[in-house]
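Peer 1: Turn this into a structure:
(chains A and B)
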Amino acid sequence: MIVRVKNLVKRYGDLVALDHLSLTVNEGEIFGLLGPNGSGKTTAINCILSLLKYDKGEVEIFGRPMAPDAYDIKRDIGIVMQNVAVYNELTVYGNIDYFCGLYIKDKNERKRLVEEAIDFVGLRDFTKFYPKKLSGGLLRRLNIACGIAHKPKLIILDEPTVAVDPQSRNRILEGIMELNRQGATVIYTSHYMEEVERICTRIMILDKGRAIATGTKDELKAMITMNEKITVESFGITDEHISEIRKLPNIISVEYKDNLLVIKSGKGKNSFETVLDFIRKNEIRFDKIYSELPTLNDVFLEITGKELRD
Amino acid sequence: MFVHIFAYRLKCLMRDWETILWTMVFPLVLGTFFYMAFSNLYTNEIFNPINIAVINDEQYAKNKSFREALEEVSTGDERLFNLSETTIDEANELLNENLIDGYIVVEMPIKLVVNNSGINQSIVKSFIDNYIHASSAVETILSIEPEQIQKIIDDIGNRETYVSEKKSTGGEPNTILLYFYTLIAMTCFYGGFFGMREINDIQADISSVAARVNAAPVHKIKAFLFSAAASVLIQLVEVLVLISYLVFMLKLDFGSKTGFVLLTAFIGTITGFSFGAFISAVVKKSEGIKVAVIVGVTMICCFFAGMMQHEIKYIISRKAPVLSYVNPLNLLTDSFYSLYYYDTFSRYFKNIILLTVFIAVFCSGTYLMIRRRKYASI
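Peer 2: Residues are numbered from 1 along each chain as shown, chains lettered A, B, ... in the order given. I've put the predicted structure just below:
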């Protein structure tokens, strides 16, 4: 076990930011902390890193209690902050070298690691650039390079893709998976469910400082009653149609809004064919009809009653 | 680790043009303006010989004693008058063109002709009155005791001075230097910007960079001290550049105690840096507010140290001496002035000890604020 958090409680006055949060991160995992803004993801990370005081609970990393002066533990952790944390007066190379130097004393080894990090994040052509000259995506890549250059065993990335273009986001996510393949254990926080679904091997969904579900993406989706979501783009849906669709087998909910008919069906047999037959039989004109498997947003919606994006 | 952090910190700070501008370029420019403004004041205090004329007629030729007295004060480097012997018409013309302050007509009594009143005219008038009194005294005594003529002449030539000036110092009093010394004190306190930045870059609840440093396997206070060493070095160099500029370019006098001047610059730099660090650690507001506090306190202290009007410093030291002791900029200014003016060190060391107390207070306060390694909120 790489990280173990037990009953972590963090209060800001009357606000409970973390409410008896417990989690474990195993070696080789990409562990996702998923939740809307303000759900306690960053607070949890800062508590795990011993940057933030907490009211109650225990944090162990690599089997040892985490503390501000636990330098042996810190040496094997890489941190990529939500906000870009670099010096504007240092070049790309200077920034990576500076932060790597806080972990690695040997000059030659440090040089090798810095070069590797530059290639890894694809900043080879920008080594002499100052941060202000970099685009948002390149800046995020620099932020990551500063956090991972010393080849840590545990990498903590706190929303590293906020305000990043799709191309850079893709590259960052690929990079994280590559780091994991190279042996690093990763804790990844995000409010983008697509990213978490794509890269994380295990996911914890947070809401209001509480863990509301933990598991692989399949395990999480299995927790809810919905099995399939069928969407029909049509102008000709009447209230009678909606009532009749509700009576079809295995249908758990029907909503019609802005010319979109959304039908959710439960576990068991797929309902797509049944719905398509109903539409044909009633000669309902439609533009598109498609079926989707449940997403983590559906999981969040069913458990909390609100959208993850809210 | 020291070399790594120190070297990168130097690089960082030397590229921080905005801070360099305010802490080095601004004092140099201000010093130049001071020099341009005060050098004129200084010129006005130097005595220039007064341009006068005397009507070169028969009466003047006859009055040998007056002619000799006038010629005596009109020769040499420290002469009182630039004397021209002219006709009455030439004298009037010179007076109308303001080329002379007045002209003397030797008749009974000796007459001074001027166009307007002023200090120069008063000096000429005073000279003539002195001469008339002295010659009148000689004539009176001669009429009573003619045998005393030689003694009278000796007495007039040998004036006794009953009050003598005894200097306790090798330096000349010079209030203008005070303005430049307050400028150096201000520059030392602009080192507060570096102190502020060091705190911002080590407190995880202030900046992301600091959070990253706090998450690294480096002792927080050590990292701060290594960084601070680079800041203090840069600020010290800036202060020394300013002092060198004042000494070598503007030719200002700092006395002969060079080693102590450098020591004062160093202590001033430490005081300024620790002041900025203390303000940044204590004031839990935005960077703009912190800058405003540092600049505001520095300028108020500069004012009370005499930067805008040197008499303020003396008024405070007379009416509210405690204020002059609790003003670190005044202590710095006074330290430089003590080195320039006094031969003894008692006043200088008193200032330095008080500055050291300030450093201790600022550093202790800063340490108490930044020693914690976990934060209540980030």
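
Peer 1: from here on, contacts and neighbour counts on C-alpha atoms
Peer 2: Fine.

Peer 1: where along the stretch 1-150 of chain A do the helices fall?
Peer 2: A:41-48, A:71-74, A:92-101, A:107-121, A:136-148 (DSSP state H, counting those that start in this stretch).

Peer 1: so can I have a markdown table of these showing mean pLDDT?
Peer 2: Output for those, formatted as a markdown table (pLDDT from 0 to 100):
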| stretch | mean pLDDT |
| --- | --- |
| helix A:41-48 | 94 |
| helix A:71-74 | 94 |
| helix A:92-101 | 96 |
| helix A:107-121 | 94 |
| helix A:136-148 | 92 |
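
Peer 1: Looking at those, which is nearest to chain B?
Peer 2: Minimum separation from chain B across these (C-alpha to the nearest C-alpha) falls at helix A:71-74, 4.5 Å.

Peer 1: related to what we said a few turns ago, okay if I get the helices of the stretch 1-150 of chain A as a markdown table plus distance to chain B?
Peer 2: Below are these laid out as a markdown table (distance: least, C-alpha to the nearest C-alpha, whole Å):
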| stretch | distance to chain B |
| --- | --- |
| helix A:41-48 | 8 |
| helix A:71-74 | 4 |
| helix A:92-101 | 7 |
| helix A:107-121 | 10 |
| helix A:136-148 | 8 |
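
Peer 1: With mean neighbour count and distance to residue A:220 added, can I get those in JSON lines?
Peer 2: Formatted as JSON lines, the helices of the stretch 1-150 of chain A follow (neighbours: other C-alpha atoms under 10 Å in any protein chain shown; distance: least, C-alpha to C-alpha, whole Å):
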{"stretch": "helix A:41-48", "mean neighbour count": "23", "distance to residue A:220": "18"}
{"stretch": "helix A:71-74", "mean neighbour count": "18", "distance to residue A:220": "32"}
{"stretch": "helix A:92-101", "mean neighbour count": "25", "distance to residue A:220": "38"}
{"stretch": "helix A:107-121", "mean neighbour count": "18", "distance to residue A:220": "32"}
{"stretch": "helix A:136-148", "mean neighbour count": "25", "distance to residue A:220": "29"}
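
Peer 1: As a markdown table, those helices with distance to residue B:371 would be great.
Peer 2: Below are these laid out as a markdown table (distance: least, C-alpha to C-alpha, whole Å):
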| stretch | distance to residue B:371 |
| --- | --- |
| helix A:41-48 | 18 |
| helix A:71-74 | 17 |
| helix A:92-101 | 22 |
| helix A:107-121 | 29 |
| helix A:136-148 | 25 |
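
Peer 1: Residue ranges in chain A under the pLDDT threshold?
Peer 2: A:309-310 (pLDDT under 70).

Peer 1: can you give me the helices in the stretch 51-200 of chain B?
Peer 2: Using DSSP H, counting those that start in this stretch, helices in the stretch 51-200 of chain B cover B:58-62, B:64-72, B:88-96, B:119-144, B:149-157, B:175-190, B:192-200.

Peer 1: didn't residue B:264 look like it was pressed against residue B:334?
Peer 2: No: using C-alpha atoms under 8 Å, residue B:264 is not in contact with residue B:334, being 10.4 Å away.

Peer 1: Check the contact lists of the two and give me the overlap.
Peer 2: Common neighbours of residue B:264 and residue B:334 (criterion: C-alpha atoms under 8 Å, 6 or more residues apart in numbering or on different chains): none identified.

Peer 1: Check the offset of the helix or strand hosting residue A:177 from the chain's centre.
Peer 2: Taking DSSP states H and E as the criterion, residue A:177 maps to helix A:166-181. Chain-centre distance of helix A:166-181: 13 Å, with C-alpha atoms, centre = their mean, to the nearest Å.

Peer 1: I'd like to know which elements it is packed against.
Peer 2: helix A:107-121, helix A:136-148, helix A:193-199 (3 or more C-alpha pairs under 8 Å, 6 or more residues apart in numbering or on different chains; DSSP states H and E).

Peer 1: Repeat the analysis, applying 10 Å as the threshold.
Peer 2: strand A:30-34, helix A:107-121, helix A:136-148, strand A:154-158, strand A:185-190, helix A:193-199 (3 or more C-alpha pairs under 10 Å, 6 or more residues apart in numbering or on different chains; DSSP states H and E).

Peer 1: what about dumping the CA coordinates of that helix to CSV?
Peer 2: C-alpha atoms of helix A:166-181 as CSV (Å, rounded to 0.1, in the frame of the first residue of the first chain):
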residue,chain,number,x,y,z
PRO,A,166,-7.4,19.5,-26.2
GLN,A,167,-4.1,18.6,-27.8
SER,A,168,-2.0,19.4,-24.7
ARG,A,169,-4.6,17.7,-22.5
ASN,A,170,-4.3,14.6,-24.6
ARG,A,171,-0.5,14.7,-24.3
ILE,A,172,-0.6,15.3,-20.6
LEU,A,173,-3.0,12.3,-20.1
GLU,A,174,-0.8,10.1,-22.3
GLY,A,175,2.2,11.2,-20.2
ILE,A,176,0.6,10.3,-17.0
MET,A,177,-0.3,6.8,-18.3
GLU,A,178,3.4,6.4,-19.5
LEU,A,179,4.7,7.4,-16.0
ASN,A,180,2.4,4.8,-14.5
ARG,A,181,3.7,2.2,-17.0
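
Peer 1: which residues are contacting it?
Peer 2: A:27-30, A:120-122, A:136-138, A:140-141, A:144, A:148, A:151-155, A:157, A:160-164, A:182-186, A:188, A:195-196, A:198-200 (C-alpha atoms under 10 Å, 6 or more residues apart in numbering or on different chains).

Peer 1: Quick one: buried ones out of those residues?
Peer 2: Buried members of the contacts of helix A:166-181, scored by 16 or more other C-alpha atoms under 10 Å in any protein chain shown, are A:27-30, A:120-122, A:136-138, A:140-141, A:144, A:148, A:151-155, A:157, A:160-162, A:164, A:183-186, A:188, A:195-196, A:199-200.

Peer 1: picking up where we left off before, switch the helices of the stretch 51-200 of chain B over to TSV, and while doing so, append mean neighbour count and distance to residue B:296 to every line.
Peer 2: Formatted as TSV, the helices of the stretch 51-200 of chain B follow (neighbours: other C-alpha under 10 Å; distance: least, C-alpha to C-alpha, whole Å):
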stretch	mean neighbour count	distance to residue B:296
helix B:58-62	13	67
helix B:64-72	14	58
helix B:88-96	17	54
helix B:119-144	14	43
helix B:149-157	11	61
helix B:175-190	25	11
helix B:192-200	25	12
